[in-house]
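>>> predicted model, plus sequence, below.
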Amino acid sequence: MARDPYKYFRVEARDLTDQLGRSVIELERTSSGGEIVPRLLRLAHTLKGAARVVRLPAIAEDAHRIEDLLAPFRETQTAVPRGDIDGLLGLLDRITEGIERLDRPVPVATTPAASPAADDDVGPLRADRADLDALVRGITNASAGLAGLSNLAHTALEAQKLTDHIAGQINAREDGRGISAALEPIEQLRGLASDLQRRALTIQHKVELELGALREAAEQLRLVPASAMFAALDRAARDAAQLLGKDVVLVTDGGDVRIDGQTLQPLQNAILQLVRNAVAHGIEVEGDRLAAGKPPRGRVRIGVSRRARRIIFRCEDDGRGIDGEALREAARARGRMPAPVGDRQLASLLLEGGASTSAVISEAAGRGIGMDIVRETLSGLRGEFSVGTERGKGSWFELSVPVSLSSLDCILVEAAGVTASIPLAAVRRTRWLGPTDVHRAQDGTVIIEDGRSLPLTPLGSLLTRNSVSVAGMRRQAVIVQSGGALAAIGVDRIAGNTTLVYRPLPDLAPASDVIEGASLSAGGTPVVLLNAEAVVTAAAQPRHAIPASPDRQRPLLIVDDSLTTRMLEQSILESAGYEVDMAVSAEEGLERLRTRDYALILVDVEMPGMDGFGFVTELRRDPRTRQIPAILITSRNADDDKRRGAEVGAQGYVVKSEFDQAALLGRIRQLLA
């Protein structure tokens, strides 16, 4: 603070003035001070004390004047007069201006030798986006790097198995010479390996939890609740109404929607203009409203919501509506000959700028250039604008912008090897399904929920567009609601609730329509966000049972000593609807073949002990397994290796550096056919 004495005051003062502003507007709408006046007095007193600590007498004195204005109403139930409300707002405006002048740190004279780099200014209540992006990337990379600890633990486990094997061999010696001397260092090695494994797993678990929490906190720093702009909108509606002699109340909804601050900040100016226009052009004066059978107080509503991959800001009023023909005449006066005015043409005319049906250009309505602000804001954010109106009833305006980053309360589910999240607001309930709860119908499988027959669709079918057997999924379901429609989604596991910070998928990303966006777990694993409306729509489509071939009913076997490769292949195959078993060595794979029948095998080439070439050779020697297709997956790209794979009888050879998921699944389908 020696370099910037106002560093923390700016943060506190902005928060206090924001609360003061909202409370003053609330006070104006009530018939008595009630609990609002004591709250205002506490806020003003806190602000005054903070300003005095950092030696800002002007701000402290204005805060003291707020206390003086409010003190007579502390113990009374009388309404605060309009003049005093104006005085309070004027003092708040002056305090706000004083705070804004503090944005640049005060330079402090120091000697050159003792002049460290100045701390970054706190500035607005939002960190710099580039810094936060770098922080999130660093955390994600560090989290992904923790996978190396798993490999360390695996190596320690292998060392422990090796010592057990050596000890067994020594114990088997008949003469017993030197056994005790040889066993001592082996026992030490065994203990060391066991301890290494335990510590590695413990460290990995702790660091993953810490990094997960840190990454979530960093993501949240970039998000701002939509309610952050409501105080400014409330004040704008109040000031415009007072200027024009109208009585208007602003109603807000959706303030808990959290949005990237870089998107919300420019939108606030555009929505501010829509509010002013609604008061100036839409809401009638009290006499006209009473004559039209309306309540004397006009109503403007601001709503914020999500719709698929976009955020919707809607401003609606119960005023006179837009005079489309008058707007068309205004356009003709500017030299244009517009078509008959429908909703689409209305939006286009309004966004052109300079188009107004008001005979008076006023401060409240943006001085005739308000819609220019809206147009430029939408252009910078790739947004869309729509409008609707009904004469004598009111109008609505919608700004729609793509989601760059958002936060949502979700329920986490696992299915088909994928972790997915469903917006909590769309989840009606979750339930276990007993043997008698699932029924066959003409269009597929259904369950009965509150007397209604709901389609039961495995989530794997929605994510992969492939048929997934309901019989193969665990008996858990999530009842998802969109509008008045319901659907039951079958999942393998319900993993709990979370607040998910997600991004939309790139436009060119090949994904199911039900996927709205994605986030990353602490370990770098994608978590897809499902669109409730698309899920319910897709689940309602008729799904006739597809007879599975005998090969499709049998499981596939993955043989690979790499945990990462095994999990990747398992995720791909299970997402495509296959049942999968895994083995960590060729020897274990051959053992599994003795106990179960497999439709196809994916096998690594380079493994400890028997390699993939040897595994396929053994596969072809056994009459019982000779016909099972095998695909080699390896990092070797030499022609000799590919030739050897064909010679031992492999039907496919996939190089990891050239891995193509679609090509692999296509080859598997060919072999199983």
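Noted; the coordinates are in hand. Numbers count the residues shown, from 1 in each chain.
>>> show me what residue 248 bridges to in the sheet.
Counting by DSSP bridges, residue 248 forms beta bridges with residue 298.
>>> again, but for the one 4 residues further on
Beta-bridge pairing of residue 252 under DSSP bridges involves residue 302.
>>> I'd say it and residue 301 touch.
Yes - counting by C-beta atoms under 8 Å, residue 252 sits close enough to residue 301 to count as a contact (7.4 Å). Yep, even glycine has a C-beta here, placed from its N, CA and C like the rest.
>>> domain-wise, how is this structure divided?
Domains of the chain are assigned by automatic domain parsing as 7-114, 129-222, 225-402, 408-539, 550-672.
>>> pick out the shakiest of the ones you listed, pLDDT-wise.
Lowest mean pLDDT within these: domain 129-222, at a mean of 66.
>>> I'd like the next helix or strand past the longest strand along the chain.
Looking across the chain with DSSP state E, the single longest strand is strand 493-504. The helix or strand immediately downstream of strand 493-504 is strand 515-520, counting by DSSP states H and E.
>>> quick check: angle from that following strand to strand 493-504?
100 degrees (axes from the mean of the first three to the mean of the last three C-alpha atoms, to 10 degrees).
>>> sheet-wise, list the partners of strand 515-520 with their directions.
strand 493-504 (antiparallel), strand 526-530 (antiparallel).
>>> helix or strand next in line after the shortest one, which one?
By that I understand strand 526-530. helix 532-539.
>>> burial of residue 591, as a residue count?
By the criterion of other C-beta atoms under 10 Å, residue 591 has 11 neighbours.
>>> show me what contacts it?
residue 583 (C-beta atoms under 8 Å, 6 or more residues apart in numbering).
>>> what separation is there between it and residue 581?
From residue 591 across to residue 581, the span is 11 Å (C-beta to C-beta, to the nearest Å).
>>> what's the answer for residue 52, then?
Distance, residue 52 to residue 581, by C-beta to C-beta: 72 Å.
>>> thinking residue 517 is in contact with residue 526, fair?
No - Residue 517 is beyond contact range of residue 526, at 10.3 Å (criterion: C-beta under 8 Å).
>>> where does the closest residue to residue 500 other than its chain neighbours sit: helix, strand or coil?
In this structure, residue 500 finds its nearest non-sequential neighbour in residue 410, 4.7 Å apart by C-beta to C-beta, 6 or more residues apart in numbering. Under the three-state scheme (DSSP: H, G, I helix; E, B strand; the rest coil), residue 410 adopts strand.
>>> and residue 410, how close does it get to residue 460?
For residue 410 relative to residue 460 (C-beta to C-beta), the value is 19 Å.
>>> do the same with residue 279
52 Å.
>>> what does residue 451 give?
Taking C-beta to C-beta, one finds residue 451 at 28 Å from residue 460.
>>> again, but for residue 374
Distance check for residue 374 against residue 460: by C-beta to C-beta, it reads 44 Å.
>>> just residue 582 next, same as before
Distance of residue 582 to residue 460, given as C-beta to C-beta: 18 Å.
>>> of the two, which one has the most company?
Each of residue 582 and residue 460 has its neighbours counted (other C-beta under 10 Å); residue 460 has more, 25 against 18.
>>> touching, that one and residue 416? I think so.
Yes - between residue 460 and residue 416 there is a contact under C-beta under 8 Å: 3.1 Å.
>>> any idea how many residues pack against the closest residue to residue 636 other than its chain neighbours?
Among residues not flanking residue 636 along the chain, residue 605 sits closest, at 5.9 Å (C-beta to C-beta, 6+ apart). Neighbour count for residue 605, taken as other C-beta under 10 Å: 21.
>>> use 833 as the first number from now on
Renumbered: residue one is now 833, and that last one reads residue 1437.
>>> so who does residue 1437 touch?
Neighbour list for residue 1437: 1443-1445, 1464-1466, 1468, 1473, 1477 [criterion: C-beta under 8 Å, 6+ apart].
>>> out of those, which is most surrounded?
The most neighbours of any of those, using other C-beta under 10 Å, belong to residue 1444, which has 29 neighbours.
>>> contacts only, for that one.
The contact partners of residue 1444, taken as C-beta under 8 Å, 6+ apart, are 1391, 1418, 1435-1438, 1464, 1466, 1477.
>>> over to residue 898?
Residues near residue 898 by C-beta under 8 Å, 6+ apart: 852, 872, 876, 920, 923-924.
>>> coming back round to it: which one of the contacts of residue 1444 is nearest residue 1210?
Closest approach to residue 1210 among the contacts of residue 1444 (C-beta to C-beta): residue 1466, at 52.0 Å.
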